[in-house]
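Chemist: quick one: sequence and predicted model below, then my questions.
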Amino acid sequence: MKATSIALCRVSTAKQRLEGNSLEAQEQRVYDAAALLEAPIEKFWSLNISSRKGKNFKRPDLLEMLAYAKKHKQVKFIIVDEADRFMRSFEEFFYWKVLFREEAGARLVYAAKPELAFKDDMYGLFEEMIDVFKAEASNIERITKTTEKMKARVAAGYYPGQPKQGYRRTLTPGLHEPRDPQWSMLKEAFDEVLSLVYTPSEALKRLNARGYKTTHGSDLDTERFKTILADPYYAGIIKMSDWPECKKGLHKAMITHDQHEQLKEIVSGKKKFTRQQFNPEFRLSNLMECTDCLKARRPRIPAWSDISITMANRGAVVRSTLSIVAVLARPNRSARYCMTDYPMYFCLSK
């Protein structure tokens with residue numbers, strides 16, 4: 001039975017294509033090696049993926065190649081262009097080399113050095129190990145350089161990850177800008193939670209009711225909303241992994257650092273939520289209504305029994321149980337009934 005072969009070509013970056021490591025260039029060298037071995041190629045696997053260390057033990061393409069070689073006993077060679085095109089990890093390289101040899105009876109061949117396939121002495125093994133070592137060293141150097149560059153970008157205030165909710169990319173990599181109306185709607189929800197007028201769940205319901213949609217077109221759920229509330233990114237802080245954080249991100253912050261700390265306490269439950277009945281930002285909210293609205297409800301003139309007086313804000317809050325009118329009065333002032341207009345207003349007297 002005439003021996004045949006199967007082949008694998010792989011590139012991981014656009015730069016490799018420009019440097020002569022394109023799939024087409026690899027295929028030509030692999031076909032030349034197959035002709036030298038007098039083992040025609042039965043099947044080709046051509047990939048455009050990165051071979052990350054630790055992720056190759058169950059790589060689908062290699063599992064398919066192993067199954068094919070086991071099923072077709074005439075396959076005696078697995079041809080790749082160079083060692084680094086097959087694998088960039090010592091452990092994974094020799095794992096697959098032994099697996100192909102022991103389970104399928106196929107030898108690993110490099111198109112750049114086909115003679116090593118039949119060189120079983122210590123010098124051949126040493127030369128192969130040097131090539132694999134160079135492949136792994138190159139991979140480690142690339143990862144280290146990439147990591148250091150990303151750390152430097154984070155320290156400068158850029159965020160190299162995907163844009164957060166309410167933001168979008170700009171022409172400058174790592175620099176994001178507000179994506180309206182989502183950004184403004186989220187900020188309003190943040191302010192509602194910070195005011196203690198609404199709980200996070202209530203603020204979320206109001207946010208979704210206003211028509212907020214994620215970048216994927218769906219509503220926010222409770223867990224994701226809480227994650228967003230506690231995310232330092234919205235306070236202008238760039239934080240990734242265990243790297244040093246940058247407190248002055250270049251993107252437009254939605255809240256201050258102090259507000260971020262308050263939100264973290266609210267979301268984690270460390271700060272007990274106490275509903276604030278009267279928002280200091282809007283002191284007459286829910287306390288005063290217009291004449292037209294009241295007429296539509298057919299109000300009656302309130303009797304003295306309808307009026308309740310409570311103490312708050314260093315003064316008396318005089319409020320109708322019908323929520324018609326309320327005013328703030330100092331302790332040394334009294335409230336009198338004024339019938340100068342309809343509906344009735346409580347006025348201050350000296």
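Modeler: Here it is on my side, so go on. Since this is a predicted model, take the numbers as computed values, not measurements. Numbers count the residues shown, from 1 in each chain.
Chemist: which stretches of the chain form helices?
Modeler: 14-16, 23-37, 60-71, 83-86, 90-99, 122-155, 182-194, 200-209, 222-229, 257-268, 291-296 (DSSP state H).
Chemist: which of those is buried the deepest?
Modeler: Greatest average neighbour count among those goes to helix 83-86 (a mean of 23), per mean count of other C-beta atoms under 10 Å. Just so you know, the C-beta spots here come from the backbone N, C-alpha and C atoms, and that holds for glycine as well.
Chemist: CA atoms of that one as PDB?
Modeler: Provided in PDB are the C-alpha atoms of helix 83-86 (Å, rounded to 0.1, in the frame of the first residue of the first chain):
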ATOM      1  CA  ALA A  83       7.500  23.700  14.000                       C
ATOM      2  CA  ASP A  84       5.800  27.000  15.000                       C
ATOM      3  CA  ARG A  85       3.100  26.500  12.400                       C
ATOM      4  CA  PHE A  86       2.100  23.300  14.200                       C
END
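Chemist: by contact count, what packs against it?
Modeler: Packing partners of helix 83-86 (3 or more C-beta pairs under 8 Å, 6 or more residues apart in numbering; DSSP states H and E): strand 4-10, helix 90-99, strand 107-110, helix 122-155.
Chemist: quick one: closest of these to residue 230.
Modeler: Across those, residue 230 has its closest neighbour in helix 122-155 (19.3 Å, C-beta to C-beta).
Chemist: and the closest one, how far from the chain's centre?
Modeler: 28 Å (C-alpha atoms, centre = their mean, to the nearest Å).
Chemist: which elements pack onto that helix?
Modeler: Against helix 122-155 (3+ C-beta pairs under 8 Å, 6+ apart) you get helix 83-86, helix 90-99.
Chemist: do you know which of the helices and strands packed on helix 83-86 lies nearest residue 72?
Modeler: Of all those, strand 4-10 comes closest under C-beta to C-beta, at 7.6 Å.
Chemist: related to what we said a few turns ago, lowest average pLDDT across the helices and strands packed on helix 83-86?
Modeler: Here the lowest mean pLDDT among the helices and strands packed on helix 83-86 goes to helix 122-155, at a mean of 79.
Chemist: ok, back up a step: could you dump the helices and strands packed on helix 122-155 to JSON lines with distance to residue 209?
Modeler: Formatted as JSON lines, the helices and strands packed on helix 122-155 follow (distance: least, C-beta to C-beta, whole Å):
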{"stretch": "helix 83-86", "distance to residue 209": "55"}
{"stretch": "helix 90-99", "distance to residue 209": "52"}
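Chemist: export the helices of the chain to a markdown table and append columns for distance to residue 1.
Modeler: Listed next are the helices of the chain as a markdown table, based on distance: least, C-beta to C-beta, whole Å:
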| stretch | distance to residue 1 |
| --- | --- |
| helix 14-16 | 37 |
| helix 23-37 | 15 |
| helix 60-71 | 14 |
| helix 83-86 | 26 |
| helix 90-99 | 22 |
| helix 122-155 | 27 |
| helix 182-194 | 65 |
| helix 200-209 | 67 |
| helix 222-229 | 60 |
| helix 257-268 | 68 |
| helix 291-296 | 94 |
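Chemist: nice, that's everything, thank you.
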